[in-house]
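> here is my input, please return the structure:
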Amino acid sequence: MTYKFQVMDENNENIFASVIEAYKGIIYKIARSYCSVEDDRKDLIQEILLQLWKSFAKYNPQFRYSTWVYRIALNVAISFYRKEKSRGNISHVYTDEIFKMEDYSPPDKKEDLLLLQQFINELKPLDKALMLLYLDEKSHKEISDITGISETNAATKINRIKNLLKQKFSRINH
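Numbering: from 1, shown residues only. You can find the predicted model right below:
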């Protein structure tokens, strides 16, 4: 496969480097969410960076850089998931490392956080992406811009996912 790269001037290269530096946390979070094996995670990060580089010349300033990074990173990650699933390598993807929770949670809440992590793990790829964005406190508008679905659809899907998660918690607690 041959890649055709658009040559950037030094100013654009500096802007690109600044954007990647500013939003690398998004890239790493998504890679950790979709890959548990370090080598696969590195491959996914590399593919995300490649796609960001290839599309930088087409960046639409109407959107924030964070929206652009999220959209490309999630699309690449979901494609990666589908490719791995078709190869039968699904064990490397979507493990319990997704949405890694901090260890400083109060002891009584740790179990709930681990259950939430497990339940999110069981979601479909788009639903998982929606929850990642929701938990990152993105607005429905931002989620719409990132995922390409309408604001109404994003809100509806998120509410359905939240209700599903509540049902799972209530089954555990009863």
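> how far out from the middle of the chain is stretch 33-40?
Taking CA atoms, centre = their mean, to the nearest Å, one finds stretch 33-40 lying 13 Å from the centre of the chain it belongs to.
> now do the buried residues in it.
Ser33, Tyr34, Cys35, Ser36, Asp40 (16 or more other CB atoms under 10 Å). Backbone N, C-alpha and C define where each C-beta goes, glycine included.
> what does stretch 149-167 give?
Ile149, Ala154, Ala155, Lys157, Ile158, Ile161, Leu165.
> now, the residues you listed that are in helices?
Ala154, Ala155, Lys157, Ile158, Ile161, Leu165 (DSSP state H).
> averaged pLDDT, the longest helix seen in the chain. What do you get?
Assignment by DSSP H gives helix 10-34 as the longest helix of the chain. The average pLDDT for helix 10-34 rounds to 89.
> what of stretch 163-174?
83.
> picking up where we left off before, quick check, nearest of the buried residues of stretch 33-40 to Lys141?
Closest approach to Lys141 among the buried residues of stretch 33-40 (CB to CB): Ser33, at 22.0 Å.
> could you dump the buried residues of stretch 33-40 into JSON lines and include distance to Ile48?
Output for these, formatted as JSON lines (distance: CB to CB, whole Å):
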{"residue": "Ser33", "distance to Ile48": "12"}
{"residue": "Tyr34", "distance to Ile48": "10"}
{"residue": "Cys35", "distance to Ile48": "11"}
{"residue": "Ser36", "distance to Ile48": "17"}
{"residue": "Asp40", "distance to Ile48": "13"}
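> nearest to Leu123 among those?
Ser33 (11.1 Å).
> isn't that closest one right up against Leu74?
No: counting by CB atoms under 8 Å, Leu74 is not a contact partner of Ser33; they are 9.4 Å apart.
> any residues in contact with both of these two?
Leu132 (CB atoms under 8 Å, 6 or more residues apart in numbering).
> give me the angle between the helix-or-strand element of the chain with minimal mean pLDDT and helix 10-34.
Ranked by mean pLDDT, DSSP states H and E, the helix or strand of the chain with the weakest confidence is helix 107-121, at a mean of 72. Taking axes from the mean of the first three to the mean of the last three CA atoms, to 10 degrees, one finds helix 107-121 and helix 10-34 inclined to each other by 100 degrees.
> quick check: the residue most central in space within the chain vs Ile72, distance?
Geometric centre of the chain, nearest residue: Ile30, 3.8 Å, by CA atoms, centre = their mean. Distance check for Ile30 against Ile72: by CB to CB, to the nearest Å, it reads 10 Å.
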